[in-house]
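# generate coordinates for the sequence data below:
(chains A and B)
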Amino acid sequence: AQTVTQSQPEMSVQEAETVTLSCTYDTSESDYYLFWYKQPPSRQMILVIRQEAYKQQNATENRFSVNFQKAAKSFSLKISDSQLGDAAMYFCAYRSAQGAQKLVFGQGTRLTINP
Amino acid sequence: NAGVTQTPKFQVLKTGQSMTLQCAQDMNHNSMYWYRQDPGMGLRLIYYSASEGTTDKGEVPNGYNVSRLNKREFSLRLESAAPSQTSVYFCASSVQGRPGNTIYFGEGSWLTVV
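Numbering: from 1, shown residues only, chains lettered A, B, ... in the order given. This is a model prediction of the structure:
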């Protein structure tokens, strides 16, 4: 079974600076997708960014980018120019391209933005 | 734009009581999921339904049952609630066969078992 590990329970960053959230995963599959979800206090799950495993190019969405290292099974999220609205729980998630295509989540990282 | 709708949003149950969480999506998705989120943890899959008429166990199915009533609706039932089932429950849906597509989540149902 696939597992996702986020080793940083909490992170903090100064407003306007850059922060990187770590994520590692374990799988024997070669075709899969990785996601970062943001969960603000409202508990809404918001998709931040996705990465297809067969694409070597790292995904980017405005101030959010990833560093995808397939061989190392690492998938970190970089937030540039941090804003107060970025404060939330961030979850890394894995989804197989085969079978039931379930989404498997990490434990989450709570990000605090200091003004 | 309703998306994924869950009811109720809040519920307090006594130990041993039963209840059903309702979920409906209006995006014509084939796959639907039920997750639970405990404090300080990520979401864990309880049950899922890859298509209408099929259901399968996820990571934490004990104490729950599900029904895929039709393509739109997927309900989660607690037959005899226990304090360990106090959690936030999320329903989600997606298009089956396209794993890169977004999984859409409901707003969550807060359940407390006393």
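# find the nearest non-adjacent residue to A:Glu17, please.
Once flanking residues are discounted, A:Glu17 sits nearest to A:Ser82: 5.7 Å by C-beta to C-beta, 6 or more residues apart in numbering or on different chains. Heads up, the C-betas are built off the backbone N, CA and C, glycines and all.
# for chain B, what are the nearby residues on chain A?
Residues of chain A lying close to chain B by C-beta under 8 Å from any C-beta of the partner chain are A:4, A:6, A:9, A:32-33, A:42-45, A:47, A:50, A:52, A:91, A:93, A:95-97, A:100-108.
# select only the buried ones of the residues you listed in ChimeraX?
To isolate the buried members of the residues of chain A next to chain B in ChimeraX, using 16 or more other C-beta atoms under 10 Å in any protein chain shown:
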select /A:4,6,32,33,45,50,52,91,93,95,96,97,100,101,102,103,104,105,106,107,108
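# now do the same contact list for the nearest residue to B:Thr5 once chain neighbours are set aside.
Take B:Thr5 and drop its neighbours on the chain: the residue closest to it by C-beta to C-beta, 6+ apart is B:Ala24, 5.2 Å away. With contact set as C-beta atoms under 8 Å, 6 or more residues apart in numbering or on different chains, B:Ala24 has these partners: B:4-5, B:72-74.
# again with A:Ala16
A:81-83.
# return the member of those nearest to B:Asn101.
B:Asn101 has its nearest neighbour among those in A:Gln83, at 27.5 Å by C-beta to C-beta.
# what about that closest one, neighbour count?
For A:Gln83, the neighbour count with other C-beta atoms under 10 Å in any protein chain shown is 12.
# nice, that's everything, thank you.
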